[in-house]
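**Student:** Test case, fold it:
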Amino acid sequence: VKTSAASAAAGASKSGGGILGAVMGAVLASTPLRILVLAVYGGFFAFCAAGIPNVKLGLALADVVPDDQYLYPYAKHSVDYYGSYAIYIVTEGVDFSSTIQEQRDLEYDFANTAPYMDIAEESTNYARYYTDYTEAKLIGASVCSSEVTFYEDKWKKGQDICATKSVADPTGYMACATTCLSYPVQGPVGSKSRCVFETNTETKVSTCKCPYRAILKPDNFTSEFPSFLKSGIRGSVSNALLSMKPDGKTIASSRGLYFVNDVFDIKQRVKHIKEARKVIKDSALVRTSAGGTAFAFDYSLYALNEQYVNIEETTVFALGMSLIAAFFCMLLLIVHPGTCLIVTVLIAMVEVQLYGLLAWTGLKLNAVVMVNMIMSMGIAVEFLAHIARAFMFEEGTRSERASAAVRTLGSATVSGALTTFLGIMPIAFSYYTYFVNYFFLQYVVILAVCLFQGVVVLPVVLSLVGPATFQFEDVAACGPPKAPAASAKLTDSRNTV
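**Tutor:** This is a model prediction of the structure:
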């Protein structure tokens, strides 16, 4: 038999709960209805999950500015029509006088490997212009051949300096051979930096390829550099791209100017940033220079989109850590690891639903959305943990205990959701669409999903696979000696005697 206290509690549980308690009581008492609820929920979950691949990243200026403001057309057209950016590769901590080959290799690899680069022209940088300056000095006999060294320029690799042919010499053999031998910018006879003369065995057309460029040797590189910086427009441009050490001759850091074209959405920008950084990381300049660094940067493309490079991974990690913390916090209150695990799985499913719904509601993943999703973890715990704890202390069959838990705390859970909604409702009337979407709409979605998971899905799941009622005697058996009989009566209100 049950004690009078247990009977009173059971009677109160069955009579309370209002409409929600009555409806869920009917659902939980019927196996077909419970299966129907799970089927509907499974369809809704699949619908939400289907949106995950379509979630977009970002928060453009056009998303923030009201569409009746003068700034809006500029913001929208900037996103829709202007996808070009001027970016820099900043290099520092290297010996610039002895790594010209590596600097030029990085320039070429970056321009030809990173996506969306404009490669019609070489980049604007001091190394390119100082090479031109050196070669002009060498051709004009202002610099001796012993004062320069040669490096292979990937920009010139494959270029034929014997492009002109004549009627008298259609294969270009004689003219090309003469040009190749007399080309002023190449190493001495027998060196590896000589031009390569070749004649095609089938077409008999001759070519001369000379990808080598001249640059002053390290000592002369430094001593001649101040003169180069004052030599004209290229020296002035180079001076603007360099930071010099106090001696005015040694380079402290350099910048190379590049252009990125037709980058209109966040995923394209993130793709460029990731692959550009990989090119720099793998470059010989960075790998072989002790303490040397190089990085690509600008304010519009890199600085504003940096948050999106790892935002998906960061969001998953943050939610995962929050879920683990929630599990251990709930375990102390729900008092059963099995029930706690069920709640944790359902909270994880809530986050999957919320993430997928971003695509269906037109929201984009950004720092604000990530923070809102982390905060939704607390709302989900609030809506699920109390009902799960109540289930563990009710008696009867699983269905009866789940129904009693909803009758006991279902109305309070709904009231909590309603008061939270009233708290955010004024945001719905904000002049800024950004606040309406990312603070009102998203929180309405969070409240709806968490409430449905807490008062509908969780009781149905517990009615099917929930653990047995928690017994205080089990704890006493594993702990200190039993308390006196007077205190033992506390357990009689919930257990059969």
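**Student:** At which residues are the helices of the stretch 51-200 of the chain located?
**Tutor:** 61-64, 71-81, 100-113, 126-139, 173-182 (DSSP state H, counting those that start in this stretch).
**Student:** Of all the residues in the third one, which ones are buried?
**Tutor:** Okay, so that is helix 100-113. 100-111 (16 or more other CB atoms under 10 Å). Backbone N, C-alpha and C define where each C-beta goes, glycine included.
**Student:** tell me the angle that helix makes with helix 126-139.
**Tutor:** With axes from the mean of the first three to the mean of the last three CA atoms, to 10 degrees defining the directions, helix 100-113 sits at 130 degrees from helix 126-139.
**Student:** before we move on, what about the last one?
**Tutor:** Counting by the same axes, to 10 degrees, helix 173-182 points 100 degrees away from the direction of helix 126-139.
**Student:** Mind listing what's buried along helix 173-182?
**Tutor:** Buried residues in helix 173-182, counted by 16+ other CB under 10 Å: 173, 175-176, 179-180.
**Student:** Can you list the low-confidence ranges for the protein?
**Tutor:** 1-17, 164-171, 472-497 (pLDDT under 70).
**Student:** Name the residue closest to the centre of it, please.
**Tutor:** What sits nearest the mean C-alpha location of the chain, by CA atoms, centre = their mean, is Asn310, with 2.5 Å.
**Student:** which residues in the chain form strands?
**Tutor:** Along the chain, the segments classed as strands by DSSP state E run 56-57, 85-92, 148-152, 196-199, 206-209, 212-216, 242-244, 251-260, 293-297, 364-365.
**Student:** how about those in TSV, adding distance to Ser78 and mean neighbour count?
**Tutor:** As requested, the strands of the chain are exported to TSV (distance: least, CB to CB, whole Å; neighbours: other CB atoms under 10 Å):
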stretch	distance to Ser78	mean neighbour count
strand 56-57	17	16
strand 85-92	11	20
strand 148-152	40	19
strand 196-199	48	14
strand 206-209	44	20
strand 212-216	39	24
strand 242-244	31	15
strand 251-260	15	20
strand 293-297	20	18
strand 364-365	17	20
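**Student:** Out of the buried residues of helix 173-182, which comes closest to Gly140?
**Tutor:** Among those, Thr179 lies closest to Gly140 (CB to CB), at 19.1 Å.
**Student:** wait, doesn't that closest one sit right on Cys208?
**Tutor:** Yes. The criterion here is CB atoms under 8 Å, and Thr179 meets it with Cys208 at 6.0 Å.
**Student:** hey, what's in contact with both of those two?
**Tutor:** Applying CB atoms under 8 Å, 6 or more residues apart in numbering, one finds that Thr179 and Cys208 are jointly contacted by 161-162.
**Student:** follow-up on the earlier one: please tell me how far the residue nearest to the centre of the chain sits from Lys274.
**Tutor:** According to CB to CB, to the nearest Å, Asn310 and Lys274 sit 9 Å apart.
**Student:** Same check on Tyr116?
**Tutor:** As judged by CB to CB, Tyr116 and Lys274 stand 12 Å apart.
**Student:** which residues of the stretch 351-497 of the chain fall in helices?
**Tutor:** In the stretch 351-497 of the chain, the helices defined using DSSP H, counting those that start in this stretch lie at 367-393, 398-424, 433-435, 442-452, 458-465, 472-478, 485-488.
**Student:** if we can go back for a sec, and the buried residues of helix 173-182 as TSV, adding distance to Tyr151?
**Tutor:** Formatted as TSV, those follow (distance: CB to CB, whole Å):
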residue	distance to Tyr151
Tyr173	29
Ala175	27
Cys176	24
Thr179	21
Cys180	19
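**Student:** Let me know the closest of these to Ser238.
**Tutor:** Thr179 (30.2 Å).
**Student:** If we ignore the residues flanking it in sequence, what's nearest that closest one?
**Tutor:** Closest residue in space to Thr179, ignoring its immediate chain neighbours: Cys162 at 5.4 Å, by CB to CB, 6 or more residues apart in numbering.
**Student:** Would you confirm that that neighbour contacts Ala175?
**Tutor:** Yes. Between Cys162 and Ala175 a contact is recorded at 6.8 Å, counting by CB under 8 Å.
**Student:** rewinding a little: could I get the helices of the stretch 351-497 of the chain as TSV with distance to Gly338 and mean neighbour count?
**Tutor:** What follows is the helices of the stretch 351-497 of the chain, written out as TSV (distance: least, CB to CB, whole Å; neighbours: other CB under 10 Å):
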stretch	distance to Gly338	mean neighbour count
helix 367-393	10	20
helix 398-424	12	20
helix 433-435	42	15
helix 442-452	22	20
helix 458-465	8	22
helix 472-478	14	11
helix 485-488	26	9
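**Student:** Of all these, which one comes closest to Gly291?
**Tutor:** Per CB to CB, nearest to Gly291 of the helices of the stretch 351-497 of the chain: helix 367-393, 33.1 Å.
**Student:** which secondary structure elements does the closest one contact?
**Tutor:** Contacts defined by 3 or more CB pairs under 8 Å, 6 or more residues apart in numbering; DSSP states H and E place helix 367-393 against helix 311-334, helix 337-361, helix 398-424, helix 442-452, helix 458-465.
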